[in-house]
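# no sequence on hand, only this structure:
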């Protein structure tokens with residue numbers, strides 16, 4: 001299988017090399033999207049032998065879309081796209097576990113669910129925990145979803161990802177993807193993954209402003225789709 005990994009990264013110089021080096025050798029290409037960093041994120045990613053792209057417009061979605069635009073121009077399309085954060089909060093070596101339902105059961109989409117029993121204490125902020133709970137409860141009520149998390153560590157068949165026609169440029173990327181999976185009736189599951197305290201401070205949940213805007217974006221996507 002041809003597996004490409006996309007890692008959006010904004011000022012993750014201290015962690016990005018570790019993430020890259022701990023991804024399994026089964027990965028065909030690791031693509032780091034340097035999202036207008038002011039530190040050595042790009043240099044450290046290149047040193048770790050990743051493909052480094054530059055997206056100057058700040059935003060998680062902007063970075064992911066930049067990575068997908070690069071992949072769309074390749075002569076050979078990948079089979080699976082994996083998204084993982086560059087802050088080292090996930091365990092990169094668990095990628096094989098995340099993609100297993102796609103390979104073994106032919107499912108379309110997998111979320112690495114950050115189960116409480118597998119999370120390091122303090123690895124998720126109270127607002128992250130509440131936001132995940134509220135979003136997944138609403139998705140269950142409106143769409144009958146079985147999601148329990150909006151975790152950033154996720155895998156999807158590339159052809160299915162193209163069908164989603166992703167749009168969100170900032171905080172709503174993960175929930176947009178899951179909502180579109182539901183609306184298009186694609187097959188999905190969750191795989192429990194470990195989660196630890198990130199290196200550095202979160203640009204979203206680590207600030208009041210970031211938490212508020214992320215919450216607004218997530219709820220906005222849910223209510224938008226609930227009335228369609």
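Structure's in. What do you need? This is a predicted model, so every value here is computed, not measured.
# I'd like the average pLDDT over stretch 37-48.
For stretch 37-48, mean pLDDT rounds to 98.
# and the end-to-end length of it?
Distance across stretch 37-48, first residue to last, is 17 Å (CA to CA, to the nearest Å).
# buried residues in it, which are they?
Under the neighbour-count criterion of 16 or more other CB atoms under 10 Å, stretch 37-48 has 37, 39, 40, 41, 42, 44, 45, 46, 48 buried. No exception for glycine: its C-beta is placed from N, CA and C like everyone else's.
# could you do stretch 120-128 as well?
Neighbour-count burial for stretch 120-128 [16+ other CB under 10 Å]: 124, 127, 128.
# for the second one, give its distance to residue 15.
Taking CB to CB, to the nearest Å as the measure, residue 127 and residue 15 are separated by 22 Å.
# hang on, residue 92 packs against residue 23?
Yes - here residue 92 reaches residue 23: they are 4.5 Å apart, a contact under CB atoms under 8 Å.
# which residues do these two both contact?
Common contacts of residue 92 and residue 23 (CB atoms under 8 Å, 6 or more residues apart in numbering): residue 84.
# tell me the strands in the protein, going along the chain?
Shown for the chain, the strands assigned by DSSP state E span residues 3-9, 29-34, 51-54, 80-83, 109-113, 154-157, 188-192.
# now distance to residue 120 too, for the buried residues of stretch 37-48, in a markdown table please.
Converted to a markdown table, those look like this (distance: CB to CB, whole Å):
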| residue | distance to residue 120 |
| --- | --- |
| 37 | 25 |
| 39 | 24 |
| 40 | 26 |
| 41 | 23 |
| 42 | 28 |
| 44 | 24 |
| 45 | 25 |
| 46 | 29 |
| 48 | 24 |
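# with adjacent residues omitted, what lies nearest to residue 34?
Spatially, and ignoring its direct neighbours in sequence, residue 34 is nearest to residue 42 (4.3 Å; CB to CB, 6 or more residues apart in numbering).
# and residue 165, by the same measure?
residue 180 (7.9 Å).
# swap in residue 196?
Using CB to CB, 6+ apart, the nearest residue to residue 196 is residue 120, at 4.3 Å.
# ok, that neighbour to residue 12 distance?
Going from residue 120 to residue 12 by CB to CB gives 18 Å.
# for residue 53, list each beta-bridge partner.
Beta bridges link residue 53 to residue 33 when assigned by DSSP bridges.
# can you give me the helices in this protein?
All helices of the chain, identified by DSSP state H, fall at 16-22, 41-47, 60-72, 95-105, 126-143, 158-164, 173-183, 208-226.
# out of those, which is the most enclosed?
Ranked by mean neighbour count, those are led by helix 173-183 with a mean of 23 (mean count of other CB atoms under 10 Å).
# now that one: mean pLDDT?
95.
# what helices or strands is it leaning on?
Contact analysis of helix 173-183 by 3 or more CB pairs under 8 Å, 6 or more residues apart in numbering; DSSP states H and E lists helix 60-72, strand 109-113, helix 126-143, strand 154-157, helix 158-164, helix 208-226 as its packing neighbours.
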